[in-house]
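In: What shape does this take:
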Amino acid sequence: MSRLLENKKYLLKTLKIATLLYNSGKYDDCLKYIEKISYSAWYNFAGYYTLNHFESIIRNIAAKSLHFKDQIISEKEDTTLHIFSEINQVGGHTKLLFNWIENDRDSKHYLLSTWQDAKEITDIATSYNCNIDDRLYTFNKESNHLSKAQKIIDILAEKNFSRIVLHIHPHDAIPSLVFSSDRLTSPVFFLNHAEHTYWLGAPVIDYLLQIRESNIKKDSKNRNIPVEYQFFLPIPVDESFSLNKKEKETFNILSIGRESKYEPNVEYNFYEAALNIVKEFDHVVFTIVGISQNNPNRKIYEHDRLVFVEPTRDIKGFIENTDLYLEGFPVPSFTSLLEPAMAGIPFVLHYNPSDIYKVFEEDRENGIFYPENLENWHETVGKMISDESYRHEINTKQESYLKNNFSLQAWKNKLKNCKENTKNKTHKVRAIPQNETYVEGTDEKIVSLIEIKNVNHYTFTENLGIVSKLKVVALSFDNPSWVKVLSKKRTLGYLLGK
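Out: Below is the predicted model:
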């Protein structure tokens, strides 16, 4: 059985367990369980981009447990509320959020976190030169989902934002609770930074913001979001970097990304490909930024000219001295590619990627192409290193293409268009279809192989009654290896509540 089908088989079992929790009135445990399984479905992809069963349960819990209020205050100024699960010191997700705030000067921006405390957020915002003053909403980390959701509803009843933008993690259930009612009128936008996989929230959003235009038609089918409710809004890129034009004895190659995106799988191994490059070209220094000190790949692929750098936002020095940027694989980082590319660094893209991992549509006339295989990738990289005239030709074409499509001005124009087309629109909750949409294509099979995350079969079911627990136990057999179950002795303890 393929990995995709294995993942699907288990995911469908979890729908039954979520139903047991809901029918037993264990709403907080049910929401936690749905988040746990959604986190698993994000990584252990099962061919479902959304699960209507989970969304229906969340909506029913909201209807029974939350008190929705009409928004009573009309705001004259343009305001944007950015809702996120958590942000970090480094990473494209966080950088994208603060780039938006920095470059959208026509709106007053507010932040709201469903998971994180105020001090941590303030410190991160300060490091991005963002002064949030009194425009931050946070909640006690110990509060349960329904308590947080009610507090957010109360806030929104008193503050009528021009728009609300979700930058949430794919398994955050709180927005699905909050925006399950039409009484909250601010339109809800979802920034699709996990476009290749499953996420919660599709039925409660009004508009989907796509960082890749090619996703629009796919998500109209896969997530039941009509094309007319989607906008192409590419990543706003920091254009402050410049290059050091001084002559160097070495040829410097750079790649930046979260270390999990570089983790080798059966088809792709970026570390090995990088090692082969430095072995072939004696004057090449290859730097990979984003690899933690304890990552075992540092030792496996050790070489004096293959340099591993821990995660950092201080990338200016690396970009300034780079001659060639290589997009990482198996999972590329779009922001990490676009920043050096916009600075004028020529680049070579991921070879033979799934469509979901293409930030660009192929355009050879403009130097945008994806090598067919590893051999072709290696030849292309070699030519970019050794043939200066070819490198210059490709670089000139790529620069022109990027400025026309990914410059800050292009982003601002698209955001302005988005605002104009959604002005005076109000939040509308879409009906949730009865049937699930399962997709079993090449892209889905590739995503199912990228990374495995273990999941505990029993977590958050401990408060069920004995009959329901027996049903949970019955569903614990014949599952993928990443599903962790209990020994016979511990299973008996689980059933007896010990």
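In: Check which helix or strand Tyr438 maps to.
Out: Per DSSP states H and E: Tyr438 is located in neither a helix nor a strand.
In: Next: Ser186.
Out: Assessed by DSSP H and E, Ser186 sits outside every helix and strand.
In: how many neighbours does the nearest residue to it once chain neighbours are set aside have?
Out: Closest residue in space to Ser186, ignoring its immediate chain neighbours: Phe161 at 4.6 Å, by C-beta to C-beta, 6 or more residues apart in numbering. The way it works is simple: take the backbone N, C-alpha and C, and place the C-beta from them, glycine included. Here the neighbour count serves as a burial measure; for Phe161 (other C-beta atoms under 10 Å) it reads 25.
In: Pretty sure Phe161 sits in a strand.
Out: No: using DSSP: H, G, I helix; E, B strand; the rest coil, the secondary structure at Phe161 is coil, not a strand.
In: Show the contacting residues for it.
Out: The contact partners of Phe161, taken as C-beta atoms under 8 Å, 6 or more residues apart in numbering, are 75, 79-81, 110, 186.
In: cutoff 10 Å now
Out: Going by C-beta atoms under 10 Å, 6 or more residues apart in numbering, Phe161 touches 71, 75, 78-82, 107-110, 112, 155, 184-188.
In: what do you get for Thr19?
Out: Under the criterion of C-beta under 10 Å, 6+ apart, the contact list for Thr19 reads 30, 53, 56-57, 468, 471.
In: if we go to 8 Å?
Out: Thr19 makes contact with 53, 57 under the criterion C-beta under 8 Å, 6+ apart.
In: how far away is the nearest residue to Lys484 once chain neighbours are set aside from Leu486?
Out: When the adjacent residues along the chain are set aside, Lys484 lies closest to Asn456, with 5.0 Å between them (C-beta to C-beta, 6+ apart). When distances are taken as C-beta to C-beta, to the nearest Å, Asn456 and Leu486 turn out to be 9 Å apart.
In: What of Met342?
Out: Distance, Met342 to Leu486, by C-beta to C-beta: 52 Å.
In: What is the burial count for Leu111?
Out: Using other C-beta under 10 Å, Leu111 has 25 other residues around it.
In: scratch that, Ser56 is what I was asking about
Out: Burial of Ser56 is recorded as 16 neighbouring residues (other C-beta under 10 Å).
In: The one 3 residues further on now?
Out: The local packing of Arg59 (other C-beta under 10 Å) involves 19 other residues.
In: quick one, which of Asn456 and Leu486 is more surrounded?
Out: Relative neighbour count places Leu486 above the other of Asn456 and Leu486, with 16 against 13, counting by other C-beta under 10 Å.
In: Check whether the more buried one sits in a helix, strand or coil.
Out: Recorded secondary structure, Leu486: coil (three-state DSSP).
In: now swap in the one 3 residues further on and tell me
Out: Classification of Lys489 into helix, strand or coil gives helix, according to three-state DSSP.
In: That one: neighbour count?
Out: With neighbours defined by other C-beta under 10 Å, the count for Lys489 comes to 8.
In: And for Lys13?
Out: Residue neighbour count, defined by other C-beta under 10 Å, stands at 19 for Lys13.
In: Just the C-alpha atoms of the host helix or strand of it, please, in PDB.
Out: Element membership of Lys13 [criterion: DSSP H and E] is helix 3-23. C-alpha atoms of helix 3-23 as PDB (Å, rounded to 0.1, in the frame of the first residue of the first chain):
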ATOM      1  CA  ARG A   3       2.200   6.000   1.800                       C
ATOM      2  CA  LEU A   4      -0.700   8.200   0.600                       C
ATOM      3  CA  LEU A   5      -3.200   5.400   1.000                       C
ATOM      4  CA  GLU A   6      -1.800   4.400   4.400                       C
ATOM      5  CA  ASN A   7      -2.200   7.900   5.600                       C
ATOM      6  CA  LYS A   8      -5.700   8.100   4.200                       C
ATOM      7  CA  LYS A   9      -6.800   4.900   5.900                       C
ATOM      8  CA  TYR A  10      -5.700   6.200   9.300                       C
ATOM      9  CA  LEU A  11      -7.100   9.700   8.800                       C
ATOM     10  CA  LEU A  12     -10.500   8.400   8.000                       C
ATOM     11  CA  LYS A  13     -10.400   6.400  11.300                       C
ATOM     12  CA  THR A  14      -9.800   9.600  13.200                       C
ATOM     13  CA  LEU A  15     -13.000  11.100  11.900                       C
ATOM     14  CA  LYS A  16     -14.800   8.400  13.900                       C
ATOM     15  CA  ILE A  17     -12.900   9.200  17.100                       C
ATOM     16  CA  ALA A  18     -13.600  13.000  16.700                       C
ATOM     17  CA  THR A  19     -17.300  12.100  16.400                       C
ATOM     18  CA  LEU A  20     -17.100  10.000  19.600                       C
ATOM     19  CA  LEU A  21     -15.600  13.000  21.500                       C
ATOM     20  CA  TYR A  22     -18.200  15.400  20.100                       C
ATOM     21  CA  ASN A  23     -21.100  13.200  20.800                       C
END
